[in-house]
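> Sequence and computational prediction follow.
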Amino acid sequence: MNPVDARCLGPKLNDLDAELSTVHGGYGRFQGQIAVDAPARFPLRQICRLMGFPEATEGAAFQFSTERGHIADIWTRQIGDQFMRSQLWVTGDGYLAEKLGPVTAVSAIQIKDGALCLRLRRMRVLGIPVPLVLAPRVETIERGQDGLYIFDVSIRLPLARAPLVRYAGFLAVSFSVSA
């Protein structure tokens, strides 16, 4: 069985940069580097902690793994001694759902020029629907370049200028291209 993101993408998986196809097309473990911007204010820092986001760090070693779980795929992100785990599955209407702590985000996957973007369609917190007008703004971009899977994820509260949390970095990807 293919990973949930490959099932969600279907034939569009071939439209991704090679590095993205490698990560999203199978299960595996990858290493790279990450920077995390987290809020300095206590209440916002606690919200991030409850959701499972890591603390602020700059240029930290980053390990990312995907595996098939019993019901959903498991994504594990290790930043130093911090772990961020989420469960992913395809919804009945073909969107990608990700559960991280008490939050479930349902997103549409969009591909443009080989890069991947997620667009939030629905959100639940503790199982309660959140109107999109009140939901955080999630900006996700993933692209491949020179054997690196480059990612940038920014989550901001409505009406806020600065992100609640932002993490960006890269994963080294080994792949072979057949002629």
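The structure has been received and is ready for your questions.
> in the worst-scoring helix or strand of the chain on mean pLDDT, what's buried?
Ranking every helix and strand in the chain by mean pLDDT, DSSP states H and E puts helix 42-51 at the bottom, with a mean of 78. Buried residues in helix 42-51, counting neighbours by 16 or more other C-beta atoms under 10 Å, are found at 44-45, 47-48, 51. (Each C-beta comes from the backbone N, C-alpha and C, glycine too.)
> So what are the sheet partners of the helix or strand following that helix and their directions?
In the C-terminal direction, the helix or strand that comes right after helix 42-51 (DSSP states H and E) is strand 57-68. Strand pairing for strand 57-68, determined by DSSP bridges: strand 28-37 (antiparallel), strand 73-79 (antiparallel).
> Report the distance from strand 57-68 to the chain centre.
Taking C-alpha atoms, centre = their mean, to the nearest Å, the mean C-alpha location of strand 57-68 is offset from the chain mean by 11 Å.
> mind checking which of the strands paired with strand 57-68 is nearest residue 14?
Nearest to residue 14 among the strands paired with strand 57-68 is strand 28-37 (18.3 Å), distances taken as C-beta to C-beta.
> Report the angle between that closest one and helix 42-51.
Going by axes from the mean of the first three to the mean of the last three C-alpha atoms, to 10 degrees, strand 28-37 is angled at 170 degrees with respect to helix 42-51.
> What residues sit buried inside strand 28-37?
Residues of strand 28-37 classed as buried: 30, 32-37 (neighbour count, 16+ other C-beta under 10 Å).
> neighbouring contacts of it?
Residues outside strand 28-37 that contact it (C-beta atoms under 8 Å, 6 or more residues apart in numbering) are 22-23, 53-66, 79, 148-149, 163, 165-173.
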